[in-house]
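Asks: Here is my input, please return the structure:
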Amino acid sequence: PTPYVIDQTTSGCSGSAFTSVTPVDGANGNRVPSLTKYSWSAPTVTGGMTGGVAASAQTSINGTLTNLTNVAQTAVYIVTPTSGAAGSCQGAPFNVTVTINPKPFVTPRTETICSGQTFTTTPVNNLPDTTTIVPTGTTYTWTVVDNTSVSGESNVSIAQSSISQTLVNNSNTVQTVTYTVTPKSGDTGLCVGSPFTITVSVNPKPVILNQTTTICSDAAFTINPSNAAPTTIVPANTTYTWTVVDNTNVTGDVDEPTAKTNISQTLTNLTNTAQSVVYTVTPTSGAAGNCVGATFTVTVTVSPKPTVANETTSVCSRSAFTVTPTTGNGNIIAASTTYSWAIPVMESGITGGAAGLAASNLTSISGTLINSTNAPLKATYTVTPKSGVCNGAPFTVEVTVNPKPEIPAQTATICSGTAFPFVLANASPTAATIIPVNTTYTWTVATNINVTGQSAQPTPQSNISQTLTNLTNTAQNVVYTVTPVSGAQ
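Replies: The predicted structure follows:
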C-alpha cells in the first residue's frame, strides 16, 4: 500500500525538541502502512530560527529548533512518507507545521539599593542587548542564598511579573544578596528558561538613637556616634546635617546644612539656670551609597557658668567683710554657685588673709582682716566661682581695710581750775597705738561730786579736754570712758 498522510501540526519550546509527529493509520483519513518511514528536507522557517535540518528514513518527524525572538515562530517541513516492508511505496508529500514558542533568556543582573529600600528587576526584551529574550507575560520564581546580616530576603515559588523585595541591611558595611531566578514564558508555550542570577548590593543606612549630653556654658559639645549593630548602625564616613530649635537664652545654636563628620557646636547660656537645645540631625552614609538615615535628636543641656565682675568693698580692721555676688549688671550667678580662693595679696601692714577652700562649698567671699597701721590698706582676693561642675572665670575682690583706733588707757594730772589736754599721737606711747588721721572722740564720765566741769560729750571732738575744779582740799580723780572713731576712712 501507498502511505497517505494529511498535513500535520505540532509545537515546542525554543531549544528543546518539539513534540514529534508520528502519523496514525486511520486517523483523519490517514493511511499508514506498517514500518512507514519519513524523509524531509530542511524546513522553511520564520524569524530566523535555527536548527532545522533534513532527515531520511525516520519513524517520526522530530527536531530541535531555536527561536531567538520573543514571539512564536513557525517551521514548515515537507515530508515524504514511504511504506515499509510491504513494497516500499512512496506516498504524496505532506506538510508538518511546527510552532516554536520563545523561551526566556536573561543575563545575570545586578541591583544596588539603600537599606530599607525595595529593589525591582523587570527584564525587558533586547535589553541590555539582543541576547535578552523576554516573551510577553513572562513570570519569575526564585530562590535566595540567605545573608544573616540582611532581613527581608525570601524564596518565592508563586510566579511574579517582576523580581522585587524590600531588604534591610543590619550591619554598617555593604551586604550582598544573590537570587537565582527561573523565568517562564507566558501564554505562548509556558516555556521555562535557564535560571539567571540577580546580585543585590544593599548599602548600609545609618540608624542612630536619640542622643543627650550636658556641657558647661561657653564649652563645645561633640557627638560622634559609633557603630553598635543592630540598634545603632554607623557606616564608615557617615556625615551629619542638622536643624535646631532656637533657644533665645542660648547663643551658638545654628542650623548646619553642610555635611559634617560629627555634631558639634559651642553654646553659651545667657541665664543662671540650665537651658536645653534640641537638634534634629539627618545622618547620611559615606562612600557606600550615600544612604540617608532617619533623623534623630541631640538634646544638649547647657549648664550655667558663673560670670562675676570684679568686686570692691571696704571694712574696718578686725571686722568681718562678706561679698555675695548677685545676678544682674552682667553677673550670672546660679543658685548653687560656690566660691574658692587662695590667700589674698595684701599690702604690708595687713594680716588675717586666709584661703577659701573649694571643699567648703562657700556661698560668699568673707574674711576678717587686721590693719595694724593708721592708713587704709588693700587686700586683693582672686576668686573662682563654680556652679555644679562648671567653673567660671576668676574675678577679684578688692577689700579696703580701714584702720581702727587702738589707744591704751591714758592718765593726766592737773591743778584745780585748769584744763587737761590729751594730745594723742600715732604709735605713742607704743607702736601698738593706732590713731588714724582725723580720729574723733566722744566720751562719758563717772561723776565725782567733789569736782565741777566734768561732763559727757556725745559730739565727736578732735581731742579730749575739759576744765575741772576740785572743791576739796584733797586730790580727786575723774574717770572718762572715751570712744575713738577713725576719720574720713
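
Asks: sec struct for the spatially closest residue to residue 447 that is not a sequence neighbour, please.
Replies: Of all residues beyond its chain neighbours, the one nearest residue 447 is residue 454 (6.5 Å), with distances taken as CB to CB, 6 or more residues apart in numbering. C-beta: built from backbone N, CA, C; applies to glycine. Of the three states, residue 454 takes coil under DSSP: H, G, I helix; E, B strand; the rest coil.

Asks: Please tell me I have it right and residue 454 contacts residue 478.
Replies: Yes. Counting by CB atoms under 8 Å, residue 478 is a contact partner of residue 454 at 5.1 Å.

Asks: Overlap in contacts, these two.
Replies: Shared contacts of residue 454 and residue 478, defined by CB atoms under 8 Å, 6 or more residues apart in numbering, comprise 445, 448, 468.

Asks: For these, pick the one with the most neighbours.
Replies: Taking other CB atoms under 10 Å as the neighbour criterion, residue 468 ranks highest of the shared contacts of residue 454 and residue 478 with 18 neighbours.

Asks: if I look at that residue, how far off is residue 94?
Replies: From residue 468 across to residue 94, the span is 172 Å (CB to CB, to the nearest Å).

Asks: so where's this structure uncertain?
Replies: Applying pLDDT under 70 to the chain picks out residues 85-87, 187-189, 287-288, 488-489.

Asks: Residue 80 belongs to a helix?
Replies: No. Using three-state DSSP, the assignment for residue 80 is strand, not a helix.

Asks: Is it in contact with residue 89, as I believe?
Replies: No. With contacts counted by CB under 8 Å, residue 80 stays clear of residue 89, the gap being 11.4 Å.

Asks: Compare neighbour counts for the two and give me the winner.
Replies: Neighbours were counted for residue 80 and for residue 89 using other CB under 10 Å; residue 80 has more, 17 against 14.

Asks: can you tell me the helix or strand for residue 367?
Replies: strand 365-368 (DSSP states H and E).

Asks: Now do that strand: which elements does it pack against?
Replies: Counting contacts by 3 or more CB pairs under 8 Å, 6 or more residues apart in numbering; DSSP states H and E, strand 365-368 packs against strand 320-323, strand 377-387.

Asks: which other helices and strands contact the longest one?
Replies: Pointing back at strand 377-387 there. strand 338-341, strand 345-346, strand 350-351, strand 365-368, strand 395-402.

Asks: As a markdown table, those strands with mean neighbour count and distance to residue 149 would be great.
Replies: Output for the helices and strands packed on strand 377-387, formatted as a markdown table (neighbours: other CB atoms under 10 Å; distance: least, CB to CB, whole Å):
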| stretch | mean neighbour count | distance to residue 149 |
| --- | --- | --- |
| strand 338-341 | 22 | 53 |
| strand 345-346 | 16 | 67 |
| strand 350-351 | 16 | 75 |
| strand 365-368 | 19 | 62 |
| strand 395-402 | 21 | 58 |
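
Asks: Throw those strands into CSV and include distance to residue 99, thanks.
Replies: Shown next, in CSV, are the helices and strands packed on strand 377-387 (distance: least, CB to CB, whole Å):
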stretch, distance to residue 99
strand 338-341, 98
strand 345-346, 111
strand 350-351, 119
strand 365-368, 106
strand 395-402, 100
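
Asks: what about the closest residue to residue 483 other than its chain neighbours, neighbour count?
Replies: Spatial nearest neighbour of residue 483, excluding adjacent residues (CB to CB, 6+ apart): residue 442 at 5.2 Å. Neighbours of residue 442 under the rule other CB under 10 Å: 16.

Asks: any idea how far residue 442 is from residue 336?
Replies: Using CB to CB, we find residue 442 at a distance of 46 Å from residue 336.

Asks: So which bits of stretch 457-466 are buried?
Replies: Under the neighbour-count criterion of 16 or more other CB atoms under 10 Å, stretch 457-466 has 457, 464, 466 buried.

Asks: beta partners for the first one?
Replies: Partner residues in beta bridges with residue 457, using DSSP bridges, are residue 443.

Asks: Repeat that for the second one.
Replies: Note on residue 464: beta-bridge partners by DSSP bridges are residue 422.
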